[in-house]
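>>> Next come a sequence and a model predicted from it.
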There are 2 protein chains.
Amino acid sequence: MTTPVTRDDAIAMDQGDPLSHKRDEFFLPDGVIYLCGNSLGPMPKHALSKIQTSLTEDWAKGLVTSWNTAGWFMMTDTLGDRVAKLLGANAGELVVSDATGLNIYKTLHAAISMRPGRKTIVCETASFPTDLYMIEGVTSLLSDMNVVLEGRDADNIEDLFTDDTAVVLLNQVDYRSGEIRDIKGLTAKAHAAGALVISDVCHSAGAIPVNLHEENVDFAVGCTYKYLNGGPGSPAFAYVARRHHGKFSQPLTGWHGHAEPFKFELNYRPGAGARALLSGTQPALAQVAVSAGLDIFEDVSMEALYAKGKKLSTVFADLIEHNCSAYGISFYSPKDVNKRNGQVSLTHEHGYAIMQALIARKVMGDFRQPDVLRFGIAPLYLRYVDLWDAANHLHDILRTEEWKEERFAVKKMVT
Amino acid sequence: MTTPVTRDDAIAMDQGDPLSHKRDEFFLPDGVIYLCGNSLGPMPKHALSKIQTSLTEDWAKGLVTSWNTAGWFMMTDTLGDRVAKLLGANAGELVVSDATGLNIYKTLHAAISMRPGRKTIVCETASFPTDLYMIEGVTSLLSDMNVVLEGRDADNIEDLFTDDTAVVLLNQVDYRSGEIRDIKGLTAKAHAAGALVISDVCHSAGAIPVNLHEENVDFAVGCTYKYLNGGPGSPAFAYVARRHHGKFSQPLTGWHGHAEPFKFELNYRPGAGARALLSGTQPALAQVAVSAGLDIFEDVSMEALYAKGKKLSTVFADLIEHNCSAYGISFYSPKDVNKRNGQVSLTHEHGYAIMQALIARKVMGDFRQPDVLRFGIAPLYLRYVDLWDAANHLHDILRTEEWKEERFAVKKMVT
């Protein structure tokens, strides 16, 4: 076991942190240690002025002309190009639009359309549930498709890749544990079997270096409201590798994805590249919030962020292991920091009450059934001392049995 | 032909207008006569403060807890209940979510799931194109479904209703002409044939009294950014009559529509009532803008609004007919004001240039291919004198041939 750092060490690490200035770009309430950035990223300060301008200038004064003059109509693409750059892809390969689940639906159909005759979808039981629900939605219509799941039909997902596999849907990072999968290696194996790969990057985009080209995935989907700090329920994104452009179809053929939406033609013709994954009109105000989130990534490298994230995660994990193991806390995340996205998830029989006690001390993590305490660690705005203090609060709560207080026992919906 | 009113008459009508105070609730740029409310409604003034609060309090300070404490998570339902009330439906029958096209996709599948064995979808060639594109999307997967269209396969849509008709998709108001269809009568005929009806109320919601119960439609879809003034690209809505709750399925089975989204179950179970039409997470900031738009309808009756809308429309149409007919202008909208939603659409061989000349005079209508000038007439914020002035500008532009100026000839994308 590594000896944990002291609080003074943590403060010194902050003083030497070349990314420490980024914290100032976010609004973070006084005294709160925010470890839910894996669920909803905090507000970039300049999101306020950007959205105010969208309201008082673009909507109020520009009115309908702002679809062109303020660039609203093409924000699916302009934001998409910026996300693409962050994820190692090129302009034209990615659009920001709709919810993640809808993009899963679209890319599943797109992949299946490219592998006629193949009748199997491969996924993980540990997927974020919407992935599985959307597979159900797809197979409810394509009744000859089968679904096989890692964790049900095999222990290792690659054991499920066969010449009947049309598409493999992988989560690059497990939402419960933060564990990183070897997407590049799995994609190579899926391709060797002739299958296509969709990578769900919801919990990796903005947290670890993602390189869609290097990983060689065929499609990807992800959300902008977690580590990309794009605002509550902000539109998600969908990627399709250039080699597949013009070669797939998907059924959510709304007017925004039409090759020439304003021709009002009677028949659908898909737009170019990733635009063929668009469907309906997108919420402009929410898109503007996404742009504010992306601005903050402009002058940092994902490699530097990830390096800091691992160090933050180590400070926290070492303290937990050293101080909390005796109180029934176990690691749910991989102990090897290189195998997780920064996030540290723990289990405890009384995890719910413990999380409530932490929240009462302004340490905001979240709880996932049945017994998982999740702590998202986002290097853009967290300090080493925050992680030290969070671990210390947890230790305190366990040591004093504070979590047994009546007020922490009542269950309520936790997002 | 009715003798048009004078400008003084129009001013007097404004002075006697019991709804004149509503105009003050909107931000409208000085000197602009805004006749594009059928495309994007103007900004309610209090949308600014509502969204600022959502940013500075709910996102910035409440962070992830605002999904519960600020009501974000359930806004699909709370906004839905308010839209339901405005459209003659009950709480629980309508959700605000996604783009209109996606809601068409979902309700088409839902209706088809309730009519097994029936293999025909009936629609109109004059539909807003996304309706037709989404039907293409549906039939791309359900390859045994046929599509028949009024305007291609029959002159009257009811002639297409047979015992093979699963679902009829109707636009309550034609987006080009503003013509109102007899939804109640057509629904009765469709039901007599055993078919279900989806009513697209994009151009009727907030413009004319819509009564989904009285019309007896099975499903409805519509958008919030036109006459409901919910903001650019704001989420649309989907309605399903209570008698069908629990009796349909649709394939966009995202986690937000799950009966218990936070149980993270492996299998999908649809939520109750209209919640089974939900899919993914919705953009909270855009939802808040929708709430601001709906607030403005709280203290007015749709009947009173519609009555004013018809009077506004008459002032405009009478002037056009009297002054502009000699210059090649024809009515594309029904001449009977009771047959249109307020909107007046005209045709002219040089419609594009004429609309550019109007816009240069700050009269904002829009142009639709090939030759249609559209003027949306929204009674919440327009004055009689605005319509008088707009008609007078058009007369002037035609009389002086101002539209022939070089600057009005260049085509660009018009939203």
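Received the coordinates, thanks.
>>> Quick one: residues contacting the closest residue to A:His256 other than its chain neighbours.
Distances taken as Cβ to Cβ, 6 or more residues apart in numbering or on different chains place A:Leu278 nearest to A:His256, at 4.6 Å, with adjacent residues excluded. C-beta here means a position set from N, CA and C on the backbone, and glycine is covered the same way. With contact set as Cβ atoms under 8 Å, 6 or more residues apart in numbering or on different chains, A:Leu278 has these partners: A:76, A:95, A:97, A:254, A:256-257, A:271.
>>> mind redoing it with 10 Å?
A:76-77, A:80, A:95-98, A:106, A:238, A:250, A:252-258, A:261, A:270-271, B:99 (Cβ atoms under 10 Å, 6 or more residues apart in numbering or on different chains).
>>> Mind checking which of those land in strands?
Among the contacts of A:Leu278, the members falling in strands (DSSP state E) are A:95-96, A:238.
>>> and which of the residues you listed is nearest chain B?
Within the ones in strands among the contacts of A:Leu278, the smallest distance to chain B is 11.5 Å, found for A:Val96 (Cβ to the nearest Cβ).
>>> Name the nearest residue to the closest one, sequence neighbours excluded.
Excluding its sequence neighbours, the residue lying closest to A:Val96 (Cβ to Cβ, 6+ apart) is A:Leu79, at 4.0 Å.
>>> wait, the one you found sits on A:Val288?
Yes - in this structure, A:Leu79 is within contact of A:Val288 by Cβ atoms under 10 Å, at 9.4 Å.
>>> how many neighbours does the residue nearest to A:Val96 have?
27 (other Cβ atoms under 10 Å in any protein chain shown).
>>> just to revisit the earlier point, using TSV, lay out the ones in strands among the contacts of A:Leu278 together with neighbour count.
Listed next are those as TSV, based on neighbours: other Cβ atoms under 10 Å in any protein chain shown:
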residue	neighbour count
A:Val95	32
A:Val96	32
A:Ala238	29
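>>> ok now the helix of greatest length in chain A, how far from the chain's centre?
Assignment by DSSP state H gives helix A:302-324 as the longest helix of chain A. Offset of helix A:302-324 from its chain centre (Cα atoms, centre = their mean, to the nearest Å): 19 Å.
>>> tell me the mean pLDDT for that helix?
If you average the pLDDT over helix A:302-324, you get 97.
>>> Which strands border the next helix or strand after that helix, and is each parallel or antiparallel?
Sequence-wise, the next helix or strand beyond helix A:302-324 is strand A:330-331, with elements assigned using DSSP states H and E. Here strand A:330-331 has these sheet partners by DSSP bridges: strand A:344-347 (antiparallel).
>>> and the partner strand, C-alpha only, in CSV?
In CSV, the C-alpha atoms belonging to strand A:344-347 read as follows (Å, rounded to 0.1, in the frame of the first residue of the first chain):
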residue,chain,number,x,y,z
VAL,A,344,-13.4,6.0,-7.9
SER,A,345,-16.3,3.8,-7.0
LEU,A,346,-16.6,2.0,-3.6
THR,A,347,-19.0,-0.4,-2.2
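>>> Now the element after it, going C-ward?
helix A:351-360.
>>> Next, the buried residues of that following helix.
Going by neighbour count (16 or more other Cβ atoms under 10 Å in any protein chain shown), the buried part of helix A:351-360 is A:351-359.
>>> cool, stretch A:111-123 as well?
For stretch A:111-123, by 16+ other Cβ under 10 Å, it's A:111-112, A:114-115, A:118, A:120-123.
>>> Quote the end-to-end distance of it.
Separation of the first and last residues of stretch A:111-123 by Cα to Cα, to the nearest Å is 14 Å.
>>> Would that stretch count as contacting chain B?
Yes - interface with chain B: stretch A:111-123 contributes A:Ser113 (Cβ under 10 Å from any Cβ of the partner chain).
>>> repeat for stretch A:351-365
Yes - counting by Cβ under 10 Å from any Cβ, contacts between stretch A:351-365 and chain B involve A:359, A:364-365.
>>> now these in CSV, with pLDDT?
Listed next are the residues of stretch A:351-365 next to chain B as CSV, based on pLDDT from 0 to 100:
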residue, pLDDT
A:Ile359, 96
A:Met364, 98
A:Gly365, 97
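>>> and of the buried residues of helix A:351-360, the nearest to chain B?
A:Ile359 (8.5 Å).
>>> so what's the nearest residue in space to that closest one that is not next to it in sequence up against?
Nearest non-adjacent residue to A:Ile359, counting by Cβ to Cβ, 6+ apart: A:Gly365, 7.8 Å away. Counting by Cβ under 10 Å, 6+ apart, A:Gly365 makes contact with A:33-36, A:38-39, A:343-346, A:354-355, A:358-359, A:372-377, A:390, A:394, B:64.
>>> Give me the three-state assignment for the residue of the stretch 151-300 of chain A found nearest chain B.
Chain B sits closest to A:Gly280 of the stretch 151-300 of chain A, with a gap of 2.3 Å, by Cβ to the nearest Cβ. Under DSSP: H, G, I helix; E, B strand; the rest coil, A:Gly280 falls in the coil class.
>>> B:Met134 is in contact with that one, correct?
Yes - using Cβ under 10 Å, A:Gly280 is in contact with B:Met134, at 9.1 Å.
>>> Looking only at neighbour counts, state which of these two leads.
Neighbour count, other Cβ under 10 Å: between A:Gly280 and B:Met134, B:Met134 has more, with 32 against 26.
>>> still on that earlier bit, in a markdown table, list the ones in strands among the contacts of A:Leu278 along with pLDDT.
Listed next are the ones in strands among the contacts of A:Leu278 as a markdown table, based on pLDDT from 0 to 100:
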| residue | pLDDT |
| --- | --- |
| A:Val95 | 98 |
| A:Val96 | 98 |
| A:Ala238 | 98 |
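>>> Out of those, the closest to B:Leu48 would be?
A:Val96 (24.6 Å; Cβ to Cβ).
>>> Next, the contact list for the spatially most distant residue from the centre of chain A, please.
Computed with Cα atoms, centre = their mean, the residue of chain A farthest from its C-alpha average is A:Leu266, at 37.1 Å. With contact set as Cβ under 10 Å, 6+ apart, A:Leu266 has these partners: B:125-127, B:129, B:132-133, B:136, B:149, B:151-152.
>>> Go through those residues and flag which are in strands.
Short answer: these in strands (DSSP E) are B:Leu149.
>>> circling back: show me the two of the buried residues of stretch A:111-123 that sit farthest apart.
Taking Cβ to Cβ, no two of those sit farther apart than A:Met114 and A:Cys123, at 17.6 Å.
>>> what about stretch A:84-102, how long is it end to end?
Termini of stretch A:84-102 sit 19 Å apart (Cα to Cα).
>>> For A:Gly280 and B:Met134, list the residues in contact with both.
With Cβ under 10 Å, 6+ apart, A:Gly280 and B:Met134 have common neighbours A:252, A:254-255, B:100-105.
>>> Pull the most distant pair out of those.
Farthest apart among these by Cβ to Cβ are A:Trp255 and B:Asn103. That separation is 13.3 Å.
>>> Looking at these two, which one has more neighbours?
Taking other Cβ under 10 Å, A:Trp255 and B:Asn103 do not tie; B:Asn103 has more neighbours (31 against 24).
>>> what kind of secondary structure is that one in?
Going by three-state DSSP: B:Asn103 is helix.
>>> Roughly how far does it sit from chain A?
9 Å (Cβ to the nearest Cβ, to the nearest Å).
>>> Contact partners for that residue?
A:280, B:95-97, B:134, B:198, B:200, B:219-223, B:235-239, B:250, B:252, B:277, B:279.
>>> which stretch of helix or strand covers the nearest residue to A:Met75 once chain neighbours are set aside?
Ranked by Cβ to Cβ, 6+ apart and with sequence neighbours excluded, the top spatial neighbour of A:Met75 is A:Gln287, at 4.3 Å. Assigned by DSSP H and E, A:Gln287 falls within helix A:284-295.
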